[in-house]
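Undergrad: no sequence for this one, just the structure:
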């Protein structure tokens, strides 16, 4: 199973930083010599993907984010890592689909956001292998996220992209699909008159032309570390681990 991590964004909501936002220290870990070391926020997503069965992860980075390659080249022993480049900022959909050369049609693929921390750690295991499925989390202010509207059976009816009209308190934090659906969704995206920037608008169009997706309410806590408020929440959630990495 592959994991795709779009990490090409500039992180303007939490600037100024002297490094890529995906390497923002949040919490800590013990190194081989027993010393506490800071832990990059994106490591939590890599760990959660590995728990769900991913053995390979593709980071999508911009040409200016060589620090991510350098960091994971020396620190990651959970999964094999590949890198592809998004030459210039063109939205989340463009970043995710840049990974298409490495995704085989017969393997599931996970997609997650590297500046988030969520629980439970093994929630991705709840997503099925055979369809497009979204891992959902309850939040207090869904208008700041992509809120997922589902029916009683969990079928996705619509995704409200940062909409002031609140129809659901559940937002997506990651998603999964078979490799062939990844490529079908990319082809559909490329066929659009104006390729979508956001996954939510793309999926809404996908649903309208007969596509299907499910939402799985397996998440309990979600923190967007790309904002100062979310960073503070993540530090609180990690408790003693956060203090160890400070």
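TA: Right, received. Where do you want to start? Here the structure is a predicted model, which is why all the values come from computation and not from measurement.
Undergrad: Please identify the helix or strand for residue 234.
TA: Here residue 234 sits within helix 228-238, counting by DSSP states H and E.
Undergrad: next one: residue 187
TA: Going by DSSP H and E, residue 187 is in helix 179-191.
Undergrad: For that helix, buried residues please.
TA: Across helix 179-191, burial judged by 16 or more other Cβ atoms under 10 Å covers 179, 181, 182, 183, 184, 185, 186, 188, 189. To be clear about C-beta, it is placed using only N, CA and C from the backbone, and glycine gets the same treatment.
Undergrad: just stretch 211-228 next, same as before
TA: 211, 213-219, 221-226.
Undergrad: With pLDDT added, can I get those in a markdown table?
TA: Shown next, in a markdown table, are those (pLDDT from 0 to 100):
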| residue | pLDDT |
| --- | --- |
| 211 | 96 |
| 213 | 98 |
| 214 | 98 |
| 215 | 98 |
| 216 | 98 |
| 217 | 98 |
| 218 | 98 |
| 219 | 97 |
| 221 | 95 |
| 222 | 95 |
| 223 | 92 |
| 224 | 92 |
| 225 | 88 |
| 226 | 79 |
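Undergrad: Out of those, list just those in strands.
TA: Of those, the ones assigned to strands by DSSP state E are 214, 215, 216, 221, 222, 223, 224.
Undergrad: ok, so of those, who is nearest residue 168?
TA: Distance to residue 168 across those (Cβ to Cβ) is lowest for residue 215, with 8.8 Å.
Undergrad: now the closest one, which residues is it bridged with?
TA: residue 134 (DSSP bridges).
Undergrad: my guess is residue 154 meets residue 218, correct?
TA: No - the pair residue 154 and residue 218 fails to qualify as a contact (Cβ atoms under 8 Å) at a distance of 10.7 Å.
Undergrad: who touches both of these two?
TA: Residues touching both residue 154 and residue 218 (Cβ atoms under 8 Å, 6 or more residues apart in numbering): none.
Undergrad: ok, the spatially most central residue of the chain - contacts?
TA: Against the mean C-alpha coordinate of the chain, by Cα atoms, centre = their mean, the closest residue is residue 112 at 1.7 Å. Applying Cβ under 8 Å, 6+ apart, we find residue 112 in contact with 3, 4, 5, 45, 48, 49, 124, 173, 174.
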